[in-house]
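1. Just need the structure, nothing else, for what follows:
(one chain, ligands or ions: 1)
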Amino acid sequence: MILLDGKKLAQKIKESIKDEISIFVAQGKRPPTLSVILVGDNPASQIYVNKKIKDCQEVGIVSKPFFLPKDITQIELEDVIGSLNGDDEIDGILVQLPLPSHIDTLEIIQCINPNKDVDGFHPENVGKLATGRKGGILPCTPYGIMKILQEYKIDTFGKDVVIVGASNIVGKPMGLLFLWEERSTVTICHRNTKDLKEHTRGADILVVATGVPHLIKRDMIKEGAVVIDVGINRIDGKIVGDVDFEGLRDKVYAITPVPGGVGPMTVAMLLQNTLEVYKRRVGIL
Ligand code: BQF
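-> Reported below is the predicted structural model:
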């Protein structure tokens with residue numbers, strides 16, 4: 001069994017981002033700048049935002065945090081984004097999800113300048129992903145998963161890929177990315193899928209992003225499959241994935257651990273996207 005060490009790969013990517021930025025700064029350029037917006041006090045969101053701020057600092061990206069009250073109105077939040085859109089010193093805008101339920105999330109995402117949309121959630125970037133057009137920004141988690149597969153030389157050509165979970169953040173963009181250049185045959189399963197096991201057992205590559213702890217059991221996969229676990233579930237103090245890692249470990253070809261698998265790669269690709277939009281803005285690309 002090959003352990004797909006996302007933490008190690010994320011560290012390597014962060015090193016190269018750091019080196020690249022230090023060269024730009026030595027040339028007298030301003031550093032990349034990412035604004036990070038957190039609305040309310042969701043504890044998990046606070047942890048993620050703090051991790052992103054810390055990782056920015058580690059690689060030389062200036063982060064500008066905005067901690068906004070949970071009762072902020074739609075218009076007020078849109079105004080904050082509007083002012084960041086118009087600020088030439090800001091390269092990237094990140095709105096931490098989920099937003100409070102009185103906020104229309106899709107409407108907020110639409111307000112972000114697509115050239116500053118480091119999460120890749122704006123419809124213009126989603127459209128470019130869907131049509132295979134270059135020049136868009138890829139969503140961090142699917143992008144990070146592709147980097148893991150590349151790093152471990154796991155070819156996607158002609159493979160049967162099954163994705164469990166059809167979210168706009170992971171499942172759907174992941175499917176579109178596997179479909180690029182018609183490389184893989186993609187099935188996306190979700191909560192209304194009739195017989196989940198029937199699909200997952202056919203997967204050469206299985207990506208699971210459901211938020212259901214240990215949903216995927218040993219009898220649900222094919223021998224020698226590659227299993228990518230996107231789940232992060234807190235169960236009495238312990239963090240577990242959507243995959244029963246211990247049950248699967250001697251049946252798979254390769255598998256990501258939780259923690260230390262996909263999660264660190266998501267944050268690394270956020271930094272990568274921030275560097276990318278910075279280079280476009282400053283005219284390096
Ligand atoms: C690790 C996220 C669900 C909902 C909103 C490292 C992260 C997580 C795990 C992290 C995630 C998940 C993030 C590990 C960002 C990934 O060592 O295993 C890093 O910070 N993530 C988010 O911003 O919003 C979420 C999951």
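2. Look up phi and psi at whichever residue of the stretch 1-150 of the chain sits closest to the ligand.
-> Proximity to the ligand, evaluated over the stretch 1-150 of the chain using C-beta to the nearest ligand atom, is greatest for Tyr48 at 3.4 Å. Placement of C-beta: from N, CA and C, glycine included. The phi and psi values for Tyr48, taken as degrees, to the nearest 10, are phi -60, psi -40.
3. ok, now the one 10 residues further on?
-> Dihedral angles phi and psi of Glu58 (degrees, to the nearest 10) take the values phi -60, psi -40.
4. per-residue confidence at it?
-> Among the per-residue scores, Glu58 holds a pLDDT of 98.
5. how many neighbours does it have?
-> Under the neighbour criterion other C-beta atoms under 10 Å, Glu58 is assigned a count of 14.
6. show me the residues around the closest residue to it other than its chain neighbours that make contact.
-> By the measure of C-beta to C-beta, 6 or more residues apart in numbering, the closest residue to Glu58 outside its immediate chain neighbours is Lys14, 6.3 Å from it. Lys14 sits next to Asp55, Glu58, Val59, Ala268, Leu271 when contact means C-beta atoms under 8 Å, 6 or more residues apart in numbering.
7. Swap in 10 Å and give it another go.
-> For Lys14, the contacting residues are Asp55, Glu58, Val59, Pro264, Val267, Ala268, Leu271, Gln272, by C-beta atoms under 10 Å, 6 or more residues apart in numbering.
8. Ser22 versus the residue nearest to the residue of the stretch 1-150 of the chain closest to the ligand when sequence neighbours are not counted, what's the distance?
-> The spatially closest residue to Tyr48, leaving aside those adjacent along the chain, is Gln96, at 6.5 Å (C-beta to C-beta, 6+ apart). Going from Gln96 to Ser22 by C-beta to C-beta, to the nearest Å gives 27 Å.
9. Counting neighbours around each, name which of those two comes out higher.
-> Each of Gln96 and Ser22 had its neighbours counted (other C-beta under 10 Å), and the higher figure belongs to Gln96 (20 against 13).
10. how about the strands of the stretch 151-285 of the chain, start to end?
-> Counting by DSSP state E, counting those that start in this stretch, the stretch 151-285 of the chain forms strands over residues 160-164, 185-189, 205-208, 226-229, 233-235, 238-240, 254-255, given from the N-terminal end onward.
11. Direction included, what does the first one pair up with?
-> What it means is strand 160-164. Partners of strand 160-164 in the sheet, by DSSP bridges, are strand 185-189 (parallel), strand 205-208 (parallel).
12. Give me the distance from the first one to the chain's centre.
-> Using C-alpha atoms, centre = their mean, to the nearest Å, the mean C-alpha position of strand 185-189 is found 19 Å from that of the whole chain.
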